[in-house]
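Trainee: fold the stuff below for me.
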Amino acid sequence: MRLFLLAPLLFAVAPLVALAQGTATLTIDTAKPVAKVSPTLYGIMTEEINYSYDGGLYAELVSNRTFQTMRGPNLEHWTLIQNGDVQANIEIDKTTGPSGAIPHSLKFTAASATPQSEAGFYNTGFWGMALRPATSYRGSFYGKAESTTIGALTVRLVNDKTGAIAASTTLPSLGSSWQRYDFTLKTGMLTPSANNHLEFLVQQPGTAWFSLVSLFPPTYKNEPNGKRIDLMEKLAAMHPAFLRFPGGNYLEGDHLDEHYEWKKTIGPLVDRPTHPTPWTYRSSDGMGLLEFLTWCEDLHMEPLLAVFSGYSLRQEHIPAGKDLEPYVQDALDEIEYVTGDASTRWGAERAKDGHPAPFQLHFMEIGNEEYHDESGTYDARFAQFHKAIKQKHPDLQLVAAAPVTSVRPDILDDNDHALHTHFYRTAQQFFVDTHRYDSYDRNGTRILVGEWATREGSPTTNLGAALGDAAWMTGLERNSDIVVMASYAPLFVNVSPGGMQWPSDLIGYDALNSYGSPSYYAQVMFSTHLGNQILGSKLDTTNPRLFESVTYDSKTHRLHLKLVNASSMPQAVQIKLNGAAHVSSKATVTTLSGKTTQETNSIAEPSRVVPVVSSIANAGATFTHTLPRYSIQVLDLDLN
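Mentor: Residues are numbered from 1 along each chain as shown. The predicted model follows:
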C-alpha cells in the first residue's frame, strides 16, 4: 500500500428525495448457473502496520524486548527503579549480548540495594500490559551477572495506578555467562485492566545484563510464541480462505537491505536480529515465517506467500540477470522451507524449528505493487523468477504484482489504473465501479484484488465504508470465476494514541479489548454466506445505490442473496426466482444497518453496528422484500 490522496468523487451524490423510491425488480435464473464461485475468493492481507503484530496479533506483552528501535540500541519503554535512597543505573551495553543476532544488552548496576529499598527496572508494555484474574503469564529473559553477590531476582507485575502487586516470583542469582531464564507469573482475583507493568528488582548491590525479555499471556491454541486469542477468534469468524503475507510495504522495505528476509525470522528468537520497517517502528520478527504458516494452519487458510523481487520503496532495485540470482534462489529456498520434507536442507530446518510436516503451498506472489517501480525492470525480474520457480514447481500458481508481457502470469494482482495504486477508495468510487469485472475476458489472466478498502472512518471504518465495501464485493462475487482472490487491507489497528499509521482499518484493539468495524461485519456476512455457483441475475432499478449478487450452494440447495441499499431511503425489491421447482416460504435474513453512514463501533461501543438475524415468511417464486435504508442484507432461501 502507499499513502495517497483520494481522488474526487466520480459522481455527485444525488440530493435526498422526500418520497420512498420505486420498487426495484431482481430476476434470478436459478436453473442455469453461469460459473463456479472461486473457493479462495475471500481472504485477508497482512503486514506490520498500525502495530498489527508487535502490540497486536503477536501476543508478546513486553515492548522493545531486545532494547533496539528504529533509532538503534536504546532503552525506550524501559525505566529505572530506585526505591528509597538506593543508587542504581541502566544503560545500553553494545559489547555483550546473548547471540550474534542480538549483540547488545541492558546493563544494570545497583550501587546499593536492600530488602527494604530495592533497585531495578520496569517495562511499560504496548500502551500497558493487559492482566486478567487467575491467569498464568509465561516469561523469559537472557541474563548474566558480574557476581553472585547481586543475589536473587524478583520479577513481578504491578498495577500502574495503585501499586498493587498482581503476581510475583523470585529467581536465584544469575550465572556469569549468558543463559535463558524462564518464569511464570500467576494473577489472583483482580479486575481486568491494561494499567500494569513488569518489574525486575534486586535487594543487593551488583551488576547484571539482560536481553530478550519476554512475557506472554495465554495464546490461541496455547501455542508458544503465539497469537492473541481475541484477535484470532475474530479472524476465524471471517472464514478467510487465504492469507496474503508478509506484506505489503513490509515485504519491500524502504531500502534493499531492509526488506523482509525470511531466513532471519526463523529459529529461536535469540537468533532473530529484528529489522526496521517502513511504518516508523522496528519489527521484533517474533512473527516470522513459521508463525505466518501456523497462522494459516490454525485458521485453515491457503498461504499466499509473497517473496521479495528486488525492489524497495525508495526506488532501489536489482536488475534482472546475475545480480538477481541470489534473490531468486532465496525464493526457491523459501518454497523448500514451506513444502520440503525433512530430507531437504530447508525442510530439515523447518522440522528443527518444531514443524516436521510440510505445509501446502499453491500460490506465490512475486513482489508487491511493482507498478511503482520507475525503472521499468519488473517485467524482466518477474520472468526470471517465473522461469526458475516453474522449473522446480510447475504447479505453483504465480501472481504478478504488476502487468507483465514477457510471460503470462497465472494470476495478476490488479490495481486502480486511474490512481495507480491498489483499490483504496471512497464509497462513492466503489459504487460506480461495481461492474468493473463484468466485461473481463473469461479466458484472460485471473485476478487477485490483493488490497482494497473503502477509506472512510478512523481509526476503523464506519457504516458508510461498509456499504461501499459491500457494494464492491457484490461485483467481486458476481465475477468470482475471474476474480479468484480478494483481500481487504489493512487488517488491524492499535487504537491507542500513536498506534495508527493508516486510518480506516478492519479490526481495532488496545492492550485489553478488541472490536470489529462495520466493514469487518460486512466481510463476515459475505464470506460465511457463499455458495459454490454464481447464478445469473438482472437488477432493474432507478436507485443508483442498490447492488446485488446471488450464489447457490449445490450441496445444501441454499440460495444466498446479497442486497446492499446505500440510499437514505428504504428500498422495495420484487424478487423473481425463475426456474426453481420449490422455494421455501421462510427465509433467514441477516442485516447490518444504521441510522447514519457515520455510525461505527469502538472500544467503548464494540457492538453499536453489528449483524442482526431475523426471518421472513413471505418468500416464494415471486415475492417483495424491503431493505432498510443504509443496509446490507443477506437472504438465505432453501430451494428444494
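Trainee: check contacts around residue 226.
Mentor: Residue 226 makes contact with 59, 216, 219, 220 under the criterion Cβ atoms under 8 Å, 6 or more residues apart in numbering. To be clear about C-beta, it is placed using only N, CA and C from the backbone, and glycine gets the same treatment.
Trainee: how about residue 526?
Mentor: Counting by Cβ under 8 Å, 6+ apart, residue 526 touches 42, 470, 473, 477, 562, 634.
Trainee: next, it: secondary structure please.
Mentor: Classification of residue 526 by DSSP: H, G, I helix; E, B strand; the rest coil places it in helix.
Trainee: residue 121 sits in which helix or strand?
Mentor: Assigned by DSSP states H and E, residue 121 belongs to strand 119-123.
Trainee: avg pLDDT for the helix or strand following that strand?
Mentor: Scanning forward in sequence from strand 119-123 by DSSP H and E, the next helix or strand is strand 136-145. The average pLDDT for strand 136-145 rounds to 98.
Trainee: can you count the residues close to residue 88?
Mentor: 20 (other Cβ atoms under 10 Å).
Trainee: hang on, it packs against residue 118?
Mentor: No: the pair residue 88 / residue 118 is not scored as a contact, 9.3 Å apart, by Cβ atoms under 8 Å.
Trainee: surely residue 487 meets residue 44?
Mentor: Yes: between residue 487 and residue 44 there is a contact under Cβ under 8 Å: 5.4 Å.
Trainee: shared neighbours, the two?
Mentor: With Cβ under 8 Å, 6+ apart as the test, residue 487 and residue 44 both reach 242, 244.
Trainee: ok so residue 493 is a strand residue?
Mentor: Yes: the assignment for residue 493 is a strand, going by three-state DSSP.
Trainee: list the buried ones in stretch 352-367?
Mentor: The neighbour-count check on stretch 352-367 (16 or more other Cβ atoms under 10 Å) flags 355, 358, 359, 361, 363, 364, 365, 366, 367 as buried.
Trainee: what about that stretch, distance to the chain center?
Mentor: 18 Å (Cα atoms, centre = their mean, to the nearest Å).
Trainee: kindly check the end-to-end length of it for me.
Mentor: 28 Å (Cα to Cα, to the nearest Å).
Trainee: ok, which stretches of this protein are helices?
Mentor: Secondary structure of the chain (DSSP state H): helices located at 229-237, 249-252, 289-299, 325-339, 345-352, 378-392, 427-431, 463-478, 518-528.
Trainee: before we move on, back to that, most widely separated two among the contacts of residue 526?
Mentor: Greatest spatial distance among the contacts of residue 526 (Cβ to Cβ): 42 and 634, at 13.6 Å.
Trainee: the residue nearest the centre of the chain: what's it in contact with?
Mentor: Central residue of the chain (Cα atoms, centre = their mean): residue 46, 3.6 Å from the mean position. Contacts for residue 46 (Cβ under 8 Å, 6+ apart) come out as 52, 243, 244, 245, 246, 247, 248, 489, 491, 492.
Trainee: quick check: the gap between it and residue 307.
Mentor: Residue 46 sits 15 Å away from residue 307, going by Cβ to Cβ, to the nearest Å.
Trainee: what do you get for residue 599?
Mentor: Distance, residue 599 to residue 307, using Cβ to Cβ: 41 Å.
Trainee: who has more neighbours out of these two?
Mentor: The residue with more neighbours, out of residue 599 and residue 307, is residue 307; 24 against 18, by other Cβ under 10 Å.
Trainee: not counting sequence-adjacent ones, nearest residue to that one?
Mentor: Residue nearest to residue 307 in three dimensions, not counting chain neighbours: residue 331, with 4.3 Å by Cβ to Cβ, 6 or more residues apart in numbering.
Trainee: that neighbour: what's it in contact with?
Mentor: By Cβ under 8 Å, 6+ apart, the contact list for residue 331 reads 307, 308, 364, 366, 385, 388, 389.
Trainee: closest to residue 93 among those residues?
Mentor: Nearest to residue 93 among those, with distances taken as Cβ to Cβ, is residue 308, at 33.1 Å.
Trainee: give me the nearest residue to the closest one, chain neighbours excluded.
Mentor: residue 259 (4.7 Å).
Trainee: what about that neighbour, how many residues close to it?
Mentor: When neighbours are counted by other Cβ under 10 Å, residue 259 comes out with 23.
Trainee: next up, the contacts around it.
Mentor: 251, 252, 253, 308, 312.
Trainee: next step: the contacts of residue 46 restricted to strands.
Mentor: With strands taken from DSSP state E, the overlap with those comprises 243, 244, 245, 492.
Trainee: returning to what we had before: find the residues that touch each one of residue 88 and residue 118.
Mentor: Taking Cβ under 8 Å, 6+ apart as the criterion, residue 88 and residue 118 both touch residue 81.
Trainee: any weak-confidence spans in the chain?
Mentor: 1-20 (pLDDT under 70).
Trainee: do you know how far residue 590 is from residue 636?
Mentor: 8 Å.
Trainee: can you list residues touching both of those two?
Mentor: By Cβ under 8 Å, 6+ apart, residue 590 and residue 636 have these common neighbours: residue 529.
Trainee: I figured residue 265 hits residue 293, correct?
Mentor: No: using Cβ under 8 Å, residue 265 is not in contact with residue 293, being 11.2 Å away.
Trainee: touching both of those two, which residues are there?
Mentor: By Cβ under 8 Å, 6+ apart, no residue touches both residue 265 and residue 293.
Trainee: quick one: neighbours of residue 521, just the number.
Mentor: So residue 521, with other Cβ under 10 Å, has 24 neighbours.
Trainee: which residues touch the longest strand along the chain?
Mentor: Longest among the strand segments of the chain by residue count, using DSSP E, is strand 24-36. Contact with strand 24-36 is made by 442, 480-481, 532-543, 546, 548, 550, 552, 559, 561, 563, 571-580, 639, as judged by Cβ under 8 Å, 6+ apart.
Trainee: over to stretch 341-350?
Mentor: With contact meaning Cβ under 8 Å, 6+ apart, stretch 341-350 is reached by 266-267, 290, 333-334, 336-340, 351, 356, 358.
Trainee: and the residue nearest to residue 482 when sequence neighbours are not counted, what are its phi and psi?
Mentor: Spatial nearest neighbour of residue 482, excluding adjacent residues (Cβ to Cβ, 6+ apart): residue 440 at 5.0 Å. Note on residue 440: its backbone torsions stand at phi -70, psi 150 [degrees, to the nearest 10].
Trainee: tell me, how many neighbours does residue 440 end up with?
Mentor: Residue 440, neighbours per other Cβ under 10 Å, totals 16.
Trainee: follow-up on the earlier one: for ChimeraX, what selects the buried ones among the contacts of residue 259?
Mentor: ChimeraX command restricting the contacts of residue 259 to the buried ones, with burial defined by 16+ other Cβ under 10 Å:
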select :251,252,253,308,312
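Trainee: ok, now which ones touch residue 363?
Mentor: Shown in contact with residue 363 (Cβ under 8 Å, 6+ apart): 40, 242, 302, 303, 304, 305, 396, 397, 399, 411, 485.
Trainee: for the third one, list each beta-bridge partner.
Mentor: If I follow you right, that is residue 302. For residue 302, the beta-bridge partners under DSSP bridges are residue 242.
Trainee: wait, it touches residue 43, no?
Mentor: Yes: here residue 302 reaches residue 43: they are 7.5 Å apart, a contact under Cβ under 8 Å.
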